[in-house]
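A.B. asks: Need the 3D shape of this:
(chains A and B)
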Amino acid sequence: QKEVEQNSGPLSVPEGAIASLNCTYSDRGSQSFFWYRQYSGKSPELIMFIYSNGDKEDGRFTAQLNKASQYVSLLIRDSQPSDSATYLCAGRTGANNLFFGTGTRLTVIP
Amino acid sequence: DGGITQSPKYLFRKEGQNVTLSCEQNLNHDAMYWYRQDPGQGLRLIYYSQIVNDFQKGDIAEGYSVSREKKESFPLTVTSAQKNPTAFYLCASSGLAGFNTGELFFGEGSRLTVL
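C.D. replies: Residues are numbered from 1 along each chain as shown, chains lettered A, B, ... in the order given. The predicted structure follows:
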């Protein structure tokens, strides 16, 4: 069973703070991981993907992958109210399908 | 503009009726997908197709059917056999680059409510 677990939150952070979103996965065969942002009532959009151990940075976003611990995280620096959304973690194991977590709802308080 | 178009955006159905959700893409993507999203849950894969005239069941295919007669189109039929069809349905596509990055491009979604 391929599973991706996320802390469901909700998570609230003040504007300007760092938001930390976490995800664990059960299938050691999972090769790559993705973070999607979904605003309420809207469709998901890709923020970042990562497939190598370590950190990957893109602007205010940093994805972290630790394959030994089967752990993926997303850090959002200088959080803005526009970052308020549900963040979905997804994993892929070589097939053309993604397995999604339940999502973490983030609220950035002005 | 290139993208994925889903219709209708909102749909109401009486129990026992079949309904078909439309999904059209002009991104020239080979692969297309249907996901279902329930409140507080992630996306669950219903069906996917990697090439015209071929499709595969996902994790929750029971009560659903699809066709892929054209590259651009991947309609989903929610049949009366689906016991709990009220949900938000998302269609997505990916191209060759998407296979490597995993990027799925999503439509705006169709919200189905069974009365």
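
A.B. asks: Tell me how many other residues crowd residue 64.
C.D. replies: The chain I'm using is chain A. When neighbours are counted by other C-beta atoms under 10 Å in any protein chain shown, A:Gln64 registers 18. For glycine as for every other residue, the C-beta is placed from the backbone atoms N, C-alpha and C.

A.B. asks: wrong one, I was asking about chain B
C.D. replies: 21.

A.B. asks: Spell out for me which residue occupies the centre of chain B.
C.D. replies: Nearest to the geometric centre of chain B sits B:Trp34, at 2.7 Å (C-alpha atoms, centre = their mean).

A.B. asks: Might you enumerate the residues of chain B proximal to chain A?
C.D. replies: Neighbours of chain A within chain B, by C-beta under 8 Å from any C-beta of the partner chain: B:31, B:33, B:35, B:40-45, B:48, B:50, B:58, B:90, B:94, B:99, B:101-104, B:106-109.

A.B. asks: what bits of chain A have low per-residue confidence?
C.D. replies: Low-confidence segments of chain A (pLDDT under 70): A:1-2, A:8, A:94-96.

A.B. asks: how about the strands of it, start to end?
C.D. replies: Assigned by DSSP state E, the strands in chain A fall at A:4-6, A:11-14, A:19-25, A:32-38, A:45-50, A:54-58, A:61-66, A:71-76, A:85-92, A:99-100, A:104-109.

A.B. asks: ok, and what's touching the first one?
C.D. replies: Around strand A:4-6, the neighbours that count as contacts under C-beta atoms under 8 Å, 6 or more residues apart in numbering or on different chains are A:21-26, A:87-91, A:99-104, B:42.

A.B. asks: Please apply the same query to the fourth one.
C.D. replies: Applying C-beta under 8 Å, 6+ apart, the set of residues contacting strand A:32-38 from outside is A:21, A:23, A:25, A:44-51, A:61, A:63, A:65, A:72, A:74, A:85-92, A:98, A:100, A:103, B:102-103.

A.B. asks: Just the buried residues of stretch B:13-33, please?
C.D. replies: Neighbour counts over stretch B:13-33 (16 or more other C-beta atoms under 10 Å in any protein chain shown) mark B:13, B:19, B:21, B:23-25, B:29-33 as buried.
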